[in-house]
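Trainee: Using only what follows, build the 3D model:
(one chain, ligands or ions: 1)
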Amino acid sequence: MANVPASYEQSRTRFRAHLDDLTGSWPNTFLTCLPLESDPALSTDIITANPVIKERLIVITTGEHGIEGYLGSAVLELFFEEYVRRLDPQTTGLLLIHAINPWGMKSWERQNPSNVDLNRNFIDGDFESLKTTNPDYPALAPYFTPSEPLNDTAGAKWRFIVNTIKNMVTFGSRRIREAALMGQYHSPRGIYFGGMELQPETVTMMDTYRKGFSGYREIIHLDMHTGYGPRDQMTMVTSPYEKRPAAELTARFDAPRIATANPDEFYTMQGDMIDWEYRLVEREFPGINFFAATCEFGTYGDLILQAARSLRTTIVKNQLNQFGGSPEAAEWVKGEFRELYLPSDPAWLVKALADVRCVFNAIT
Ligand SMILES: [Zn+2]
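Mentor: Numbers count the residues shown, from 1 in each chain. As a prediction, this is how the structure comes out:
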C-alpha cells in the first residue's frame, strides 16, 4: 500500500523487496546499497532496471531532505504498484532511489549529519567563492540563528514576531525569503547551510547520475520533496536551465502547477541537484532529451502568515539542534516540524498521491 512508512528501516525493507517485482520484466535489474561512510548501517538504495534498448530512462529520487523521504517512500510504492507494469521493458529503463540522505530520513531531519542542506551542495568547483553569495544572510544571521538554548517557547514566538517586523522594515519580505532559502556557505550552524565541501551523499549521487544516464536518448527525472508551495497542492518546480515554456511542460506532464526556481515563482537556489544534472548532461551527454524537476508537495501553505510560520519552524528547529533546549520546547518544535514536512492529516497524503498520479499517468 502506498502509505507513509513508520521508520526509515521499514521503508528501505519494502523498497528492496520490490526488486523481485521487476526482474520478470527487466531481466537486467539490480539493487545497489551504498552505505553512508559515517554510519554504514544506513544506506542509499538504488534499483536499476536496464531495458533491452536504452531509449528512455525514468528516474525517481526521494529523501534528499531526509524527513521528506517519508512521502517520497509512499510515492515510490505508488509507482511500483500502479505504474511499473505500464512501461515497456524493451525500451524504458528505471533508476529508482531510496533515501539520498539516509541519516536525515532515519533521524526525521532535513539536513545531513553535518547540518548541510544537500540541495545546496551540488556545486561545481570552488566553495570558497560562494562565501560572498547570499549577501543579506550575515546581517540576518542573528534572526535566523539565535545563539542560545530554546527554553521558553512563548518568548521565542514573541521574539520571532518582533524580529520579523523589524527585519521586514529593513529588508522586506522578499529579501528575507531569498536570504533564508538561497543557501549560505559561511555559517555551519546556520539554516540552509550549503557546506564547505562536497558531502559524501552528494558525491554518491553525482556518480550515480553519471553512470546511470549513460547511453539513453531521453531521461525524465522527478525528485520528491515536501514543505513548499500552496497547501494540498503539488508544484512541479523546474530548473532555470530548462528552456521549454511552462505551457509546453504543463501539457506534457499534466502537472497541476508549474513554477521555475526563481524569486518570482519560487525562490533562488545555489547548489541545487537538478541544476547540477542539467550541467552534467550539457557537458557529458549532449543531445539527450533531458527533463528533471522537483515535485514539491505543499504543507503549511504559501500565504504570508503560513510562510512566516514555516520560517519560524526552520529557525527554532535549527536553534534546538544547535544549542539544545527544554523538553517542552523540543516537543513543540517536533510537532511543528512534522507538520511542515509530513502533515498528519490523512487527506493530505491522499491529495499528494492524486497529484503525483497525474504526472505518472503522463509519463508511463
Ligand atoms: Zn526538500
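Trainee: CA atoms for contacts and neighbours, from now on please.
Mentor: Will do.
Trainee: Surely Asp302 is in a helix?
Mentor: No. With DSSP: H, G, I helix; E, B strand; the rest coil as the criterion, Asp302 is located in coil rather than a helix.
Trainee: residues in contact with Asp275?
Mentor: Asp275 sits next to Ser239, Pro240, Tyr241 when contact means Cα atoms under 8 Å, 6 or more residues apart in numbering.
Trainee: For stretch 100-117, list every residue counted as buried.
Mentor: Across stretch 100-117, burial judged by 16 or more other Cα atoms under 10 Å covers 100-106, 108-113, 115-117.
Trainee: List the contacts of that stretch.
Mentor: If you take Cα under 8 Å, 6+ apart as the criterion, stretch 100-117 is touched by 7-9, 36, 42-44, 61-70, 99, 118, 183, 188-189, 192-195, 199, 201, 205.
Trainee: what about Ser173, which helix or strand?
Mentor: Assigned by DSSP states H and E, Ser173 belongs to helix 153-181.
Trainee: Tell me which helix or strand comes right after that helix.
Mentor: Per DSSP H and E, the first helix or strand lying C-terminal to helix 153-181 is helix 200-213.
Trainee: looking just at contacts, which helices and strands does that next one meet?
Mentor: Secondary-structure packing of helix 200-213 (3 or more Cα pairs under 8 Å, 6 or more residues apart in numbering; DSSP states H and E): strand 28-36.
Trainee: again, 10 Å this time
Mentor: strand 28-36, strand 39-50, strand 56-61, strand 92-98, helix 273-284 (3 or more Cα pairs under 10 Å, 6 or more residues apart in numbering; DSSP states H and E).
Trainee: how far off helix 273-284 does the helix or strand that contains Thr235 point, in degrees?
Mentor: Take DSSP H and E as the rule and Thr235 turns out to sit in strand 234-238. Strand 234-238 and helix 273-284 meet at an angle of 30 degrees, taking axes from the mean of the first three to the mean of the last three Cα atoms, to 10 degrees as the criterion.
Trainee: What lies in contact with the following helix or strand past strand 234-238?
Mentor: Using DSSP H and E, the helix or strand that follows strand 234-238 in sequence is helix 246-253. Helix 246-253 is contacted by residues 236, 238, 242, 254-260, 291, 358-363 when judged by Cα atoms under 10 Å, 6 or more residues apart in numbering.
Trainee: if you look at those residues, which of them are in helices?
Mentor: Judged by DSSP state H, the subset of the contacts of helix 246-253 located in helices is Cys358, Val359, Phe360, Asn361, Ala362, Ile363.
Trainee: Thank you, goodbye.
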